[in-house]
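Participant: could you look at this predicted model? Sequence included:
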Amino acid sequence: MSQYTGPRKLKLLCISGSPRRGGNTDRLLNEAVAGAAGRGAQVKQVILADLDTAPCQHCDGCIQTGGRCVIEDDMQEIHQDLREFDRFILASPIFFMGVTAQAKTMIDRCQALWVIKYLMKLPIGLNKDVPRKGAFISVGGQNYSNLFQGSVATVKSWFKALDVDYTADLLVPGIENYNAITNHPTALKDAFTIGQQIVS
Ligand SMILES: Cc1cc2nc3c(=O)[nH]c(=O)nc-3n(C[C@H](O)[C@H](O)[C@H](O)COP(=O)(O)O)c2cc1C
């Protein structure tokens, strides 16, 4: 039997930072997953609220170890995925003008990867031949003009530390209630398109 498995599929990591399962963020992320899967990508979904992830303690343990966080929880697998995957979507609602605690906890724990990049001067991506690209999906209940400003800055800073290009976002204001996104005229379709584009 042939051992040939065909060309390597692009690997997309989709991370949901919403604690409200099946809510607006999850629905948008599911559309993005469907869009990416339809283009043949290998997709893994991570629901942060289901995982055990402690906040960064700034203990500098990752400096002593050369980039391995000393907190043994589910972030260890996420760290590995963030190095192995090629494309990334983070989806988080706005909580008090920022990303959720679940999302920010995960982002802060990437200080260990920051150490690999900036102190050890090593590449973050383990698959050198494939460009690393990322997108951010967010919703919020209000319509403030600066509603997404802080979160976009945070995600851009995180992507930069991960050697990921911030290539797209979908930022949907005025989405408060559990099912609100289903009444939006374009957001679900736009999320599907982001999923297609991120693996193109
Ligand atoms: C703790 C908390 C803080 C929130 N803070 C904001 C906020 O600062 N601005 C805003 O527009 N919406 C805020 N919201 C509303 C959510 O962003 C909104 O309900 C969103 O649709 C939730 O997405 P989800 O269904 O994916 O959980 C907040 C909601 C919660 C629970």
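Facilitator: Thanks, I have the structure now.

Participant: which residues touch the residue nearest to Gln111 when sequence neighbours are not counted?
Facilitator: The spatial neighbour of Gln111 that comes closest, neighbours along the chain excluded (Cβ to Cβ, 6 or more residues apart in numbering), is Cys56 at 5.5 Å. Bear in mind the C-beta positions are built from the backbone N, C-alpha and C, glycine included. With contact taken as Cβ atoms under 8 Å, 6 or more residues apart in numbering, Cys56 is in contact with Thr105, Asp108, Arg109, Gln111.

Participant: what helices and strands are in contact with the strand or helix carrying Tyr166?
Facilitator: In this assignment (DSSP states H and E), Tyr166 forms part of strand 165-172. Contact analysis of strand 165-172 by 3 or more Cβ pairs under 8 Å, 6 or more residues apart in numbering; DSSP states H and E lists helix 24-38, strand 133-139, helix 149-161, helix 187-198 as its packing neighbours.

Participant: any idea how far it is from the chain center?
Facilitator: Between the mean C-alpha point of strand 165-172 and the mean C-alpha point of its chain there is a distance of 11 Å (Cα atoms, centre = their mean, to the nearest Å).

Participant: up against the ligand, what does this protein have?
Facilitator: If contacts are counted using Cβ under 6 Å from any ligand atom, the residues of the chain sitting beside the ligand are 18, 20, 23-25, 93-97, 139-142, 147, 175-176.

Participant: just the ones of those in helices?
Facilitator: Counting by DSSP state H, the part of the residues of the chain next to the ligand found in helices is Asn24, Thr25.

Participant: so which of the residues of the chain next to the ligand are in strands?
Facilitator: Here DSSP state E is the test, and those give Pro93, Val139 as lying in strands.

Participant: filter the residues of the chain next to the ligand down to the buried ones and express that as a PyMOL selection.
Facilitator: This is the PyMOL syntax for the buried subset of those, where burial follows 16 or more other Cβ atoms under 10 Å:
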select buried, resi 18+23+24+25+93+94+95+139+140+147+175
